[in-house]
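Trainee: sequence-free structure coming up:
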DNA sequence: TTAATTATCACCCTTTTTTCGGTATTTTCA
DNA sequence: TGAAAATACCGAAAAAAGGGTGATAATTAA
């Protein structure tokens, strides 16, 4: 049981939506809307004074965009939980927001009660997001099943990505350095790259490892 | 609206739990439990015949473990949705399961109705998981705020991880190749590594980039 | 407000590693 | 019975790593 109201800041450029959220949240005893902003810049300036536990944040804002905003706010208050609330359900944006430090990502077609649930989830250490977003996030972990590489080559690539040299890879796989070299040459030609780090970059992008 | 019952397979070694699930699911018109197994090996053998859309899978099983099981099943039926249902809420296991191809991960303290919700979520293209798991997954995207590297060094490391050579990095940052080299040397000493790919591996592990 | 430290930039030389271009045998599997 | 994969070797050229040095700006600590 929480004894204090959760301090919430809202960053949202649509006046009606922003004021609406504030009204709803303030009507519930466990929440307390400290401040609301229609742009990131002002929110960043005041975040130290506002000391919110949770920030409800739109991404499409005039001036600084939401992703940069999240990054900046995180630099100032690393502990704050940021829930993105946007109309966009674009995979790049989702990953950018999460990487920048968002805890949750919910789209604007969700109902008010779901928004309240999302806030509760965050308070309880969760990471609220729509099913579709969750699926995208989970998919990003999964290997590409159509790898052009053979099993052995994948094994070699795995070791490469662990930072191992030719000699170490050879030792690990009980083959000669020259053989490791051969495998790597084939990997490069299949992935159309010509260095270890390029191979790792491509393999990571295409989730071959 | 779905017109056909979702074909479900259950892999769970506890007889009571397994039969319980099957009974509950079969009592609901939109589900149909094709088969149940108390081990991975048998499930793998029959997955082609069973043609499930969804597999409900325990991880602690006699014989082959659940992670390997997921990998094998995915090789045979790449489209099947696998929901892990286990008592363990260990981060390594979660990531291993997701990487191996699990779509959802729910722990065994969730109620039956939540389990049913999870199945529905999967049917509708979602990725069900508990708040705590979701938070772990989301956290895995977020940068480590306590990086030992300077801003410039992080920039260089970012380019390194994109597979760029010394000369390309220098060109991108409008510095000489020798300066890029200096930065890289410093990065190596701070991360205690001695090659590009080791640096990338360490940076990825510690989420410095 | 200094003094000290850190960050950024830049150069040189040597050694090691990697890359590129080949060739070639054996094993495995469809 | 082929084709692909895995194994192994060689030499030249290019890139990276290891060891230094040093200047200037910026930031932090005393």
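Mentor: Perfect, thanks for sending it. Every value quoted in this text rests on a predicted model; they were computed, and no experiment measured them.
Trainee: contacts, neighbours, all on C-alpha from now
Mentor: Fine.
Trainee: helix/strand/coil for residue A:35?
Mentor: Of the three states, residue A:35 takes strand according to DSSP: H, G, I helix; E, B strand; the rest coil.
Trainee: Okay, and the beta partners of it?
Mentor: residue A:9 (DSSP bridges).
Trainee: Please look at residue A:107 and residue A:87 and confirm they touch.
Mentor: Yes - between residue A:107 and residue A:87 there is a contact under C-alpha atoms under 8 Å: 5.3 Å.
Trainee: okay, the two: which has more neighbours?
Mentor: The residue with more neighbours, out of residue A:107 and residue A:87, is residue A:107; 17 against 14, by other C-alpha atoms under 10 Å in any protein chain shown.
Trainee: how about stretch A:118-129: buried residues?
Mentor: If you call a residue buried by 16 or more other C-alpha atoms under 10 Å in any protein chain shown, then stretch A:118-129 has these buried ones: A:118, A:119, A:120, A:121, A:122, A:125, A:126, A:127, A:128, A:129.
Trainee: hang on, I meant stretch A:30-43
Mentor: Buried, per 16+ other C-alpha under 10 Å, within stretch A:30-43: A:31, A:32, A:33, A:34, A:35, A:36, A:37, A:38, A:39, A:40, A:41, A:43.
Trainee: Next: stretch A:47-57.
Mentor: So stretch A:47-57, judged by 16+ other C-alpha under 10 Å, has buried residues A:47, A:50, A:51, A:52, A:53, A:54, A:55, A:56, A:57.
Trainee: roughly how far apart are the residue in chain A that DNA strand D sits nearest to and DNA strand C?
Mentor: DNA strand D sits closest to residue A:175 of chain A, with a gap of 3.2 Å, by C-alpha to the nearest atom of the strand. Separation of residue A:175 from DNA strand C (C-alpha to the nearest atom of the strand, to the nearest Å): 13 Å.
Trainee: Check for me that that residue belongs to a strand.
Mentor: No - checked against three-state DSSP, residue A:175 lies outside a strand; its state is coil.
Trainee: and the gap between it and residue B:24?
Mentor: When C-alpha to C-alpha, to the nearest Å is the yardstick, residue A:175 and residue B:24 sit 54 Å from each other.
Trainee: Please name the residues that touch residue A:138.
Mentor: Shown in contact with residue A:138 (C-alpha atoms under 8 Å, 6 or more residues apart in numbering or on different chains): B:98, B:103, B:127.
Trainee: Show me the strands in chain A, by range?
Mentor: In chain A, the strands defined using DSSP state E lie at A:6-11, A:31-37, A:54-57, A:81-86, A:104-107.
Trainee: helices or strands up against the fourth one?
Mentor: Secondary-structure packing of strand A:81-86 (3 or more C-alpha pairs under 8 Å, 6 or more residues apart in numbering or on different chains; DSSP states H and E): strand A:54-57, strand A:104-107.
Trainee: what does chain A put close to DNA strand D?
Mentor: Contact residues (C-alpha under 7 Å from any atom of the strand) of chain A with DNA strand D: A:149-153, A:174-179, A:181-183.
Trainee: and of those residues, the nearest to residue B:199?
Mentor: residue A:181 (20.8 Å; C-alpha to C-alpha).
Trainee: ok, that closest one - how many residues close by?
Mentor: A count of neighbours around residue A:181, defined by other C-alpha under 10 Å, yields 16.
Trainee: Would you check that it makes contact with residue A:165?
Mentor: No - between residue A:181 and residue A:165 there is no contact under C-alpha under 8 Å: 10.1 Å.
Trainee: residues in chain A within reach of chain B, list them.
Mentor: Contact residues (C-alpha under 8 Å from any C-alpha of the partner chain) of chain A with chain B: A:95, A:98-101, A:103, A:121, A:125-128, A:130-135, A:138-139, A:141-143, A:145, A:160-164, A:195-201.
Trainee: 6 Å instead?
Mentor: A:99, A:101, A:126-127, A:131-132, A:134-135, A:141-142, A:162-163, A:197-198, A:201 (C-alpha under 6 Å from any C-alpha of the partner chain).
Trainee: Perfect, I'm done here.
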